[in-house]
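Undergrad: Sequence first, predicted coordinates after that:
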Amino acid sequence: MAKAPHKTEIKLPLFHPLAGMFPLLEGKDFDDFVADIGKHELQNDIDTWQGMILEGRNRARACQQLGIEPRYHERQFESEAAARDYVISQNAHRRHLSPEWKDKFLAGLINQNRDKSNRAIAAEAKKVGMKVDKNKIAKKRNEMIATGEIAPVEKTIGKDGKARKQPAQKARKTSMRPRTSMSTPGVLPASDPKPTPVIGSWWDQDPRAIAEQMAAHMTRDQIGHLFALAMDAVKVKQASVAKSEQMTTHRKGSTMTQAKNLEA
């Protein structure tokens, strides 16, 4: 019995974070795309920037699956904004804007432009023919903040280039539901007879540990986004700890002052 030909192992460069604005092909769509590349070969070079794949992730993945060595072309851009515009221009005319695709695209666009205003992000979305306004972007941004996909920002930059301070996010309420036994729903564990607050947010856990657990089920560009989110969470936690320590020091100082006054 003849052995199947050995496929060459293809290692791909990392995906550039800007490429994550557009969702990857999945399922049957990707299988059909791989079959087309296998039949007609790779027709266009894969664009890279800063040594990472900027445009052509699906082509690169297809080549990897087929054991074909991809061809790369390193692009030169004066700024990140220019590179972002290039990615949008290369993808805008290729994709049918289904509701699911629109939602994924908006999420990626907001993630890549967290420091921009909702109005500025809406202008970016209109470049691909999406009819969205600042209110639609604000709603999606708030959903992503609530689910922990992105961290809130203190300031955003508008279309005029000016930075504006954002209103503080309301603190989420902590659920006071008692923890229950894994074996018997609704029954408190014997070792914990008192109700304990349940905080159902990954913000209350180590972001690095969360990233490691999720990385095994994600693509490279998604891992890049998750890493950025984890670093944001670390900064938020560090700022919170620093503020707490500062308040503790202030209280200690006030207590000592009061004690000295009483002694006097």
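TA: Done, it's in.
Undergrad: Show the contacting residues for Leu42.
TA: 59, 63, 68, 70-71 (C-beta atoms under 8 Å, 6 or more residues apart in numbering). C-betas here are computed from N, CA, C, even on glycine.
Undergrad: Drop anything exposed from those residues.
TA: Among the contacts of Leu42, those buried by neighbour count (16 or more other C-beta atoms under 10 Å) are 59, 63, 68, 70.
Undergrad: what's the closest of the residues you listed to Leu109?
TA: Arg59 (21.9 Å; C-beta to C-beta).
Undergrad: buried sites along stretch 123-135?
TA: Buried-residue list, stretch 123-135, by 16+ other C-beta under 10 Å: 123-125, 128, 130, 132.
Undergrad: now swap in stretch 106-120 and tell me
TA: For stretch 106-120, by 16+ other C-beta under 10 Å, it's 106-114, 116-120.
Undergrad: for stretch 57-77, same thing?
TA: 57-66, 68, 70, 72.
Undergrad: In JSON lines: those, plus secondary structure, distance to His16 and pLDDT.
TA: Shown next, in JSON lines, are the buried residues of stretch 57-77 (DSSP: H, G, I helix; E, B strand; the rest coil; distance: C-beta to C-beta, whole Å; pLDDT from 0 to 100):
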{"residue": "Arg57", "secondary structure": "helix", "distance to His16": "9", "pLDDT": "95"}
{"residue": "Asn58", "secondary structure": "helix", "distance to His16": "14", "pLDDT": "94"}
{"residue": "Arg59", "secondary structure": "helix", "distance to His16": "14", "pLDDT": "95"}
{"residue": "Ala60", "secondary structure": "helix", "distance to His16": "12", "pLDDT": "95"}
{"residue": "Arg61", "secondary structure": "helix", "distance to His16": "14", "pLDDT": "95"}
{"residue": "Ala62", "secondary structure": "helix", "distance to His16": "18", "pLDDT": "95"}
{"residue": "Cys63", "secondary structure": "helix", "distance to His16": "17", "pLDDT": "94"}
{"residue": "Gln64", "secondary structure": "helix", "distance to His16": "17", "pLDDT": "94"}
{"residue": "Gln65", "secondary structure": "helix", "distance to His16": "21", "pLDDT": "94"}
{"residue": "Leu66", "secondary structure": "helix", "distance to His16": "23", "pLDDT": "93"}
{"residue": "Ile68", "secondary structure": "coil", "distance to His16": "21", "pLDDT": "92"}
{"residue": "Pro70", "secondary structure": "coil", "distance to His16": "15", "pLDDT": "94"}
{"residue": "Tyr72", "secondary structure": "strand", "distance to His16": "12", "pLDDT": "96"}
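Undergrad: Show me which pair in those is furthest apart.
TA: Between any two of the buried residues of stretch 57-77 (C-beta to C-beta), the greatest distance is 17.2 Å, for Gln65 and Tyr72.
Undergrad: just the buried residues of stretch 123-135: which has the poorest pLDDT?
TA: In terms of pLDDT, the lowest of those is Val128, showing 71.
Undergrad: quick one: low-confidence parts of the stretch 1-150 of the chain?
TA: For the stretch 1-150 of the chain, residues meeting the criterion pLDDT under 70 lie at 1-7, 92-98.
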